[in-house]
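Engineer: Below are the sequence and a predicted model for it; my questions follow.
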Amino acid sequence: MNSQVVWHDLECSGYEQDLPLWLELAAKQGPGARILDVGAGTGRVSLALARSGYEVVAVDLAAELLAALAERARADGLVLSTLAADARKLELADQQFALCAVPMQTIQLFGGTRARSEFIAVAGAHLRPGGVLAIAIAATRDFEEFEWHDGDPFPLPDIIEIDGSVYCSQPTVVRKDGDSFVLERRREVIDAVGGREQSQDVIVLDTVSVGELEEAGQRAGLKPLGVRAIDPTAEHIGSQVVLLGR
Ligand SMILES: C[S@@+](CC[C@H](N)C(=O)[O-])C[C@H]1O[C@@H](n2cnc3c(N)ncnc32)[C@H](O)[C@@H]1O
């Protein structure tokens, strides 16, 4: 398996707390509704929606992740389209989506207020009348800064064994840096003969407020439809999901 896929699965795919909300928002749009999943990764949300009969278009920058997603959809007999593209510059011929879902803080990776605002205009233009853009942002006030050192018992690493190799992803740092949060992980692979390989993964999440997204939505002609909360879990911070309607 491609290592980008392994790390993505290990670090993201165990999260399920938000799935009932995406399914509820899809159900409100009616059976078989067309859904755009932005930053779909290996398909945690896309596959759940496709299994419930929705017509999903999964968009991500990373073609390798989408290839794994497409393979999983095929294996499960699901009909689903994938598109490797930058969601901030999306221009699909058929724009009539009932729901555009942006799960798991993906919008906080888009690189600044202007990029987020441009994305909201682009996503809004891909909605049919009555369609909804739903954007999950981390409840960053709940972030607890920490620095992990070898031997510390918590937080626990994510670990999986694939074909005799053990993949271990240890969160090591959460720190505020200006308007962003920096999340660092130590990734380690121990192969079947004891070879070890270490690398560091760094994610920078912009701080984003509900107000900013609602204002950007209004500038793009979208109505604020409220905010839904997703509770934190033992391993994941809580989220707010901002709803904007066309
Ligand atoms: C935190 S992961 C979320 C994956 C998946 N939606 C989930 O909930 O498990 C963020 C995803 O957004 C993708 N991404 C980041 N910037 C993007 C952009 N500008 N356009 C499309 N996808 C992007 C990344 O490649 C990554 O797969």
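Structural biologist: Okay, I see it.
Engineer: pLDDT score assigned to the most centrally placed residue in the chain?
Structural biologist: Residue closest to the average C-alpha location in the chain (C-alpha atoms, centre = their mean): Met104, at 3.7 Å. Here the pLDDT value assigned to Met104 is 96.
Engineer: can you confirm Ala50 is in a helix?
Structural biologist: Yes - following the definition DSSP: H, G, I helix; E, B strand; the rest coil, Ala50 is counted among the residues of a helix.
Engineer: I'd guessed it sits against Leu78; true?
Structural biologist: Yes - taking contact to mean C-beta atoms under 8 Å, the distance of 4.3 Å between Ala50 and Leu78 places them in contact. In this view, the C-beta of every residue, glycine as well, is placed from N, C-alpha and C.
Engineer: Can you name every helix or strand that the lowest-mean-pLDDT helix or strand in the chain contacts?
Structural biologist: The helix or strand with the lowest mean pLDDT-type score in the chain, counting by mean pLDDT, DSSP states H and E, is strand 146-147 (a mean of 92). In terms of contacts (3 or more C-beta pairs under 8 Å, 6 or more residues apart in numbering; DSSP states H and E), strand 146-147 is packed against strand 165-177.
Engineer: What strands line up against the helix or strand that the strand it packs on is followed by, and which way round?
Structural biologist: Sequence-wise, the next helix or strand beyond strand 165-177 is strand 180-190, with elements assigned using DSSP states H and E. Using DSSP bridges, the neighbouring strands of strand 180-190 in the sheet come out as strand 165-177 (antiparallel), strand 196-206 (antiparallel).
Engineer: after the last one, next one along is what?
Structural biologist: Right, strand 196-206. The helix or strand immediately downstream of strand 196-206 is helix 210-219, counting by DSSP H and E.
Engineer: Beyond that next one, next helix or strand please.
Structural biologist: With elements assigned by DSSP H and E, the helix or strand that comes after helix 210-219 is strand 223-230.
Engineer: More neighbours: Ala50 and Leu78, which one.
Structural biologist: Shown here are Ala50 and Leu78; by other C-beta atoms under 10 Å, Ala50 has more neighbours (24 against 17).
Engineer: The more buried one: what's it in contact with?
Structural biologist: Taking C-beta atoms under 8 Å, 6 or more residues apart in numbering, we find Ala50 in contact with 56, 73, 78-80.
Engineer: returning to what we had before: just the residues contacting the least confident helix or strand of the chain, thanks.
Structural biologist: Under the contact criterion C-beta under 8 Å, 6+ apart, strand 146-147 has outside partners 155, 172-175.
Engineer: Buried ones among those?
Structural biologist: 172, 174 (16 or more other C-beta atoms under 10 Å).
Engineer: among the contacts of strand 146-147, which are in reach of the ligand?
Structural biologist: Among the contacts of strand 146-147, no residue sits close to the ligand (C-beta under 6 Å from any ligand atom).
Engineer: any idea which of the contacts of strand 146-147 is closest to the ligand?
Structural biologist: For the contacts of strand 146-147, the closest approach to the ligand (C-beta to the nearest ligand atom) belongs to Val174, at 15.0 Å.
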